[in-house]
Every structure is written in structure tokens, then in C-alpha cells.
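Peer 1: let's see this in three dimensions:
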Amino acid sequence: MYPSGIKKLIECLKNFPGIGEKSAERMAFALLNFDKEKQTNFIEAITEVRDKIKRCRICGNFCENDICDICLNDNREKNIIFVVEKPKDIYLFEKIGIFKGTYHVLDGLISPLDGINPDDINIASLVSRIDNGNVNEVILALKPSIEGETTMQYIKKILENKKVKVSKIATGIPLGTDMEYIDTLTLELALEERKNIS
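Peer 2: Below you'll find the model as predicted:
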């Protein structure tokens, strides 16, 4: 029905979360109606993300260098690590502006039903950071779900003999909700009212 270039564009756009056939078609035709400068800016932005964005070798955040700005910042409290599921979660808490420690991205949650085991996410690198640094607290900020709870309990267990306090953010966060959909005030209260994992 469509020329091959438009079909390919629609198929690419369908890879975005929540975008089906109709939405992808609307987005494709919106792109076609951009002037050449906007289309070029769009292409350059995608190319730049592909070619320049990498993962911080310390925490796993997105960055343009080997180490992200947060890990490089000497004013951050290096003795506190805030553990999140994905890089986007870092930006949610950074917008609040009250956390002054460092982060660690797990890149997933333990979910045996989905074939995701502890070795499949970045838990080993978290333990390595604790073993090699002067860390005295790990704050877990994971999705309040079965997978999130399983992951938190696993991390708590493997850190039992590490002389590090393990806490989690308070559960003012609705069960099963992705972090990205939670307002900043709820996130701020959850961080401030964090509790030890029992």
C-alpha cells in the first residue's frame, strides 16, 4: 500500500513502547511533513545517539564518555549507592535534586519465569563496587512488584556480610507501577522515608 521507504519507517516506529500500527502511521506522515531542516535534525539526533551514547563503566548510566558526570562529580557522596532498574530511573530522581550519592543500574530484575537470573543483571558489578570502595549504604529503588521484591531480597542476602546498610525507598509507590509514571513528590517522599529491608 505504501512506498517501501514509508513502510520501513512505519515498521521502525512500531518498535517504540505503546506505538501500534495507526500511531506509527501518524508519526511517519508527520515526519514526512517536516521540512528538510527538521528531518535532518531528526536524523542527526538518532545518529548521535547511536554513535556517541554509551554506558558508564562504573554505574551503567547513559553518557558520552567512559564515566558519567555523576560518577565523576567529586561533590557526590561516594559512600551511598542508589540502585535502580534502568538508566531512565536515574533521571527521575535527579529531577528531584535531593539525592547526593551515586547510582547503580541493574539493567533488569530477577524473574525466573522469564528466564532472568541474578547472573543476567548487574548485581556482580554492584558487589564489586562495594568490595572496592568505601560504601556504607545501598538504597534499593526498584519497581514494587514480585520481580522487584525478589531482586531486593536477593541483593540484601548477598550483602549481609559486607558491613553495608541496605535500605529501600518507602512504598508510597503503587504496586506494579513503573517508576517513570510516578510524580516527583511521591518519589521524593519515597526516598526520604526509605526503610531497612526486613
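Peer 1: most centrally placed residue in the protein?
Peer 2: K86 (1.9 Å; C-alpha atoms, centre = their mean).
Peer 1: let me know whether that residue touches L109 as I believe.
Peer 2: No. Using C-beta atoms under 8 Å as the test, K86 is too far from L109 to be in contact (9.7 Å). Quick note: C-beta positions are derived from backbone N, CA and C, even for glycine.
Peer 1: contacts for the lengthiest helix in the chain, please.
Peer 2: Ranked by residue count and defined by DSSP state H, the top helix of the chain is helix 36-52. The list of residues contacting helix 36-52 from outside it, by C-beta atoms under 8 Å, 6 or more residues apart in numbering, reads L31, F34, E64.
Peer 1: can you rerun that using 10 Å?
Peer 2: C12, A30, L31, L32, N33, F34, D35, F62, C63, E64, N65 (C-beta atoms under 10 Å, 6 or more residues apart in numbering).
Peer 1: pull out the buried residues from the helix or strand hosting the third one.
Peer 2: Just to be clear, that refers to L31. Assigned by DSSP states H and E, L31 belongs to helix 21-33. Applying a neighbour-count criterion of 16 or more other C-beta atoms under 10 Å, one finds A24, E25, M27, A28 buried in helix 21-33.
Peer 1: could I get these as TSV with distance to R194 and pLDDT?
Peer 2: Listed next are these as TSV, based on distance: C-beta to C-beta, whole Å; pLDDT from 0 to 100:
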residue	distance to R194	pLDDT
A24	40	96
E25	45	97
M27	39	97
A28	44	96
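Peer 1: right, and out of those residues, which lies closest to N117?
Peer 2: A24 (34.0 Å; C-beta to C-beta).
Peer 1: in this protein, what residue spans correspond to helices?
Peer 2: Using DSSP H, helices in the chain cover 4-13, 21-33, 36-52, 69-72, 87-96, 123-132, 146-158, 184-192.
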